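>>> just need the structure, nothing else, for what follows:
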Amino acid sequence: MYDQPRWAREAAVPILAGLIWLWCAASFGVVGFTFSLIPGVLLLGSGASLLFWPGDDRITQFAALGGLLGVPLALPVFLVSGFGLGVVLVGFSAAAFVAAGVAAIRQEPHVPHVPAPTLDLRTAAQVGVDEALLATMVLTRRSPWGRERDRILREAEQARAVFAGHGWLDKPADYHRTPPELARVAVTHGRTIGIDYEEWSFESGYEPAEDEPARERWLSYGPNRTAYARVLRARAADRPWLVCFHGYQMGWPLTDVAAFQRVWRRHDLNVVLPVLPLHGPRKVGRRSGDGFLDGDILNSVHAEAQAMWDARRILSYLRAQGAPGIGVFGLSLGGYNTALLASLDAGLACAIPGIPATDFSRLIWRHGAPLELRSVEHHGFRRAIADEVLRVVSPLELEPRVPQEHRAIFAGTADRLVPPDQVHDLWEHWGRPRIHWYQGGHMTFLMDPRVERLIGETLRGAGLV
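Residues are numbered from 1 along each chain as shown. Next up, the predicted model:
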């Protein structure tokens, strides 16, 4: 953490930007006034909060969102009120966006063995992207209250007792049953961003154990019972395979193919993109990913257990087809699944968790609203309960089975979605394999060419390229 002055200087930027927006709002007519309130209120409110009540992560998130929204909302001003005022509003909105990134970097504690993020314009802008994305998640996520909150607590307590009785808390690997081999898949074809892909589908067959809490509720999620994967074929014959896990709220052809098409093009591998439970065509909520990381602990456990079940069935299918070698690579939530699969399958050639989450409980408590967390704790839900129950699907509790020299990790020094302490813990647990810390946030890893270099060297070292 950088030294924080009592009065954060960067707070002046969103305060001034918000005042300018609100001062000008009355001259834009009724419609213009209404839209001007969005950046004006967000910037002034978050700027004042940053000045007087610093420390709450959501302050910088909404400052970044206000600045980001202010730029496109200021474009009509060029036509309505002239070039000068348009430049002022765009400039102050962009400056507030960057100031939010600076404030976010300043207030993040430093993690030992992790390079300190640089306080420059480029890094601050990248962090601003993370902050704005987190603000949209805060605004759109559904929080458990009342009976639903009580159900989550009851199920977690029951699960802790069941898992302890089976010995799974002491030996988490035993929780994961070996799935039956996958004999056939249904194949359809699609095209996105100019790339042809195959879509595989098959009946997942995953079921929680008979005495596990929430078993019937989980099985009632009809769309989730069919597993999907997209496949990008290599140009050359008999090429190795790379299993690529997508991130949270992805799972659609456009997002997943776009995320991994570079490694496919650059290394001419067969790439298989499993769709994680509750994502894409498997979603059961309003958005892709709803229920996976919303604080419903048993949902997170069953989603991860099913993700591993489905992935291991896909591995069996690839091996039955004569795959000459298989590696695994994932981003964010996909990095978590990469690390977990590397602890359950001994036949993988390499494992590359990118910007990986590693501790769901810690993430929930970090990104949860303070009022919501106080409410659940007041009703008896302690983080220690979540920590214990989630052990059975934690890559930090299982030993990696991929050789140490074929493990590699990359992460951002200023990542706000998956803070560096999460990645550091995996690096330590994995015996400190090769790791690259790039200067930036969660969404901008491709801006550093050394990330691609690390991926390529790991694939070559494992004999896949």
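>>> quick one, strands of the protein?
Assigned by DSSP state E, the strands in the chain fall at 186-192, 195-203, 226-232, 241-245, 270-274, 326-331, 351-354, 408-412, 434-438.
>>> could these go into a markdown table alongside mean pLDDT and distance to residue 59?
Yep, even glycine has a C-beta here, placed from its N, CA and C like the rest. Output for the strands of the chain, formatted as a markdown table (pLDDT from 0 to 100; distance: least, C-beta to C-beta, whole Å):
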| stretch | mean pLDDT | distance to residue 59 |
| --- | --- | --- |
| strand 186-192 | 97 | 38 |
| strand 195-203 | 98 | 41 |
| strand 226-232 | 98 | 39 |
| strand 241-245 | 98 | 32 |
| strand 270-274 | 98 | 37 |
| strand 326-331 | 98 | 27 |
| strand 351-354 | 98 | 29 |
| strand 408-412 | 98 | 21 |
| strand 434-438 | 97 | 26 |
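>>> what about those strands, which gets the closest to residue 171?
Ranking the strands of the chain by proximity to residue 171 (C-beta to C-beta) places strand 351-354 first, at 21.3 Å.
>>> related to what we said a few turns ago, so which of the strands of the chain is the most packed in?
The highest mean neighbour count among the strands of the chain, using mean count of other C-beta atoms under 10 Å, belongs to strand 351-354: a mean of 30.
>>> from the chain's centroid, how far away is that one?
Distance, stretch centre to chain centre, for strand 351-354: 14 Å (C-alpha atoms, centre = their mean, to the nearest Å).
>>> packing partners of it?
strand 326-331, helix 333-341, strand 408-412, helix 449-461 (3 or more C-beta pairs under 8 Å, 6 or more residues apart in numbering; DSSP states H and E).
>>> contacts for it?
In this structure, residues lying in contact with strand 351-354 by C-beta atoms under 8 Å, 6 or more residues apart in numbering are 327-332, 334-336, 338-339, 341-342, 400, 402, 406-411, 426, 445, 451, 454-455, 458.
>>> hang on, the earlier thing: so which of the strands of the chain is nearest residue 167?
Using C-beta to C-beta, the nearest of the strands of the chain to residue 167 is strand 351-354, at 26.5 Å.
>>> output the below-cut-off pLDDT ranges for the stretch 251-400 of the chain.
The stretch 251-400 of the chain contains no residues with pLDDT under 70.
>>> dump the residue contacts of the nearest residue to residue 326 once chain neighbours are set aside.
In space, and not counting its chain neighbours, residue 326 is closest to residue 241: 4.7 Å by C-beta to C-beta, 6 or more residues apart in numbering. By C-beta under 8 Å, 6+ apart, the contact set of residue 241 is 269, 270, 271, 272, 318, 323, 325, 326, 327.
>>> what's across from residue 241 in the sheet?
residue 270, residue 326 (DSSP bridges).
>>> residues contacting the closest residue to residue 13 other than its chain neighbours?
With C-beta to C-beta, 6+ apart as the criterion, residue 13 has its nearest non-adjacent residue at 3.9 Å, and that residue is residue 99. Neighbour list for residue 99: 10, 11, 13, 14, 63, 67, 124 [criterion: C-beta under 8 Å, 6+ apart].
>>> pLDDT below threshold where in the stretch 51-200 of the chain?
143-146.
>>> quick one: the helices in it?
Assigned by DSSP state H, counting those that start in this stretch, the helices in the stretch 51-200 of the chain fall at 57-80, 83-107, 121-140, 146-166.
>>> hang on, the earlier thing: could you export the strands of the chain to CSV, including columns for distance to residue 45?
Output for these, formatted as CSV (distance: least, C-beta to C-beta, whole Å):
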stretch, distance to residue 45
strand 186-192, 39
strand 195-203, 43
strand 226-232, 42
strand 241-245, 38
strand 270-274, 41
strand 326-331, 33
strand 351-354, 35
strand 408-412, 28
strand 434-438, 32
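>>> quick one: closest of the ones you listed to residue 47.
Closest approach to residue 47 among these (C-beta to C-beta): strand 408-412, 25.4 Å.
>>> counting by contacts, list what the closest one packs against.
strand 351-354, helix 420-429, strand 434-438, helix 449-461.
>>> which of the ones you listed is buried the deepest?
Most buried among the helices and strands packed on strand 408-412, counting by mean count of other C-beta under 10 Å: strand 351-354, with a mean of 30.
>>> what's the burial count for the closest residue to residue 302 other than its chain neighbours?
Leaving aside its sequence neighbours, residue 302 sits nearest to residue 218 (C-beta to C-beta, 6+ apart; 4.7 Å). By other C-beta atoms under 10 Å, 23 other residues sit near residue 218.
>>> how many neighbours does residue 134 have?
22.
>>> who's in contact with the residue nearest to it when sequence neighbours are not counted?
Nearest non-adjacent residue to residue 134, counting by C-beta to C-beta, 6+ apart: residue 61, 4.7 Å away. Listed by C-beta under 8 Å, 6+ apart, the contact partners of residue 61 are 100, 131, 132, 134, 135, 138.
>>> what's the separation between the closest residue to residue 421 other than its chain neighbours and residue 414?
Distances taken as C-beta to C-beta, 6+ apart put residue 111 closest to residue 421, at 4.9 Å, once the chain neighbours are dropped. Remark: distance between residue 111 and residue 414 (C-beta to C-beta, to the nearest Å) = 11 Å.
>>> these two - which one has more neighbours?
residue 414 (27 against 16).
>>> could you check the pLDDT of the more buried one?
Per-residue pLDDT puts residue 414 at 96.
>>> please apply the same query to the one 3 residues further on.
The predicted local distance difference test score for residue 417 is 95.
>>> which non-adjacent residue is nearest it?
Residue 417's closest residue in space is residue 442 (C-beta to C-beta, 6+ apart), at 4.1 Å.
>>> tally up the residues packed near that neighbour, please.
For residue 442, using other C-beta under 10 Å, the count is 23.
>>> ok, it touching residue 412?
Yes: using C-beta atoms under 8 Å, residue 442 is in contact with residue 412, at 6.0 Å.
>>> and for these two, which residues touch both?
residue 355.
>>> OK, contacts around residue 398?
By C-beta under 8 Å, 6+ apart, the contact list for residue 398 reads 172, 173, 340, 343, 344.
>>> same question, residue 206
179, 305, 306, 309, 310.
>>> is the third one in contact with residue 219, as I believe?
Think residue 306. No: using C-beta under 8 Å, residue 306 makes no contact with residue 219, being 10.6 Å away.
>>> what about the two, which has more around it?
Using other C-beta under 10 Å, the more surrounded residue of residue 306 and residue 219 is residue 306, with 25 against 14.
>>> in JSON lines: the helices and strands packed on strand 408-412, plus distance to residue 288.
Formatted as JSON lines, these follow (distance: least, C-beta to C-beta, whole Å):
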{"stretch": "strand 351-354", "distance to residue 288": "20"}
{"stretch": "helix 420-429", "distance to residue 288": "22"}
{"stretch": "strand 434-438", "distance to residue 288": "27"}
{"stretch": "helix 449-461", "distance to residue 288": "25"}
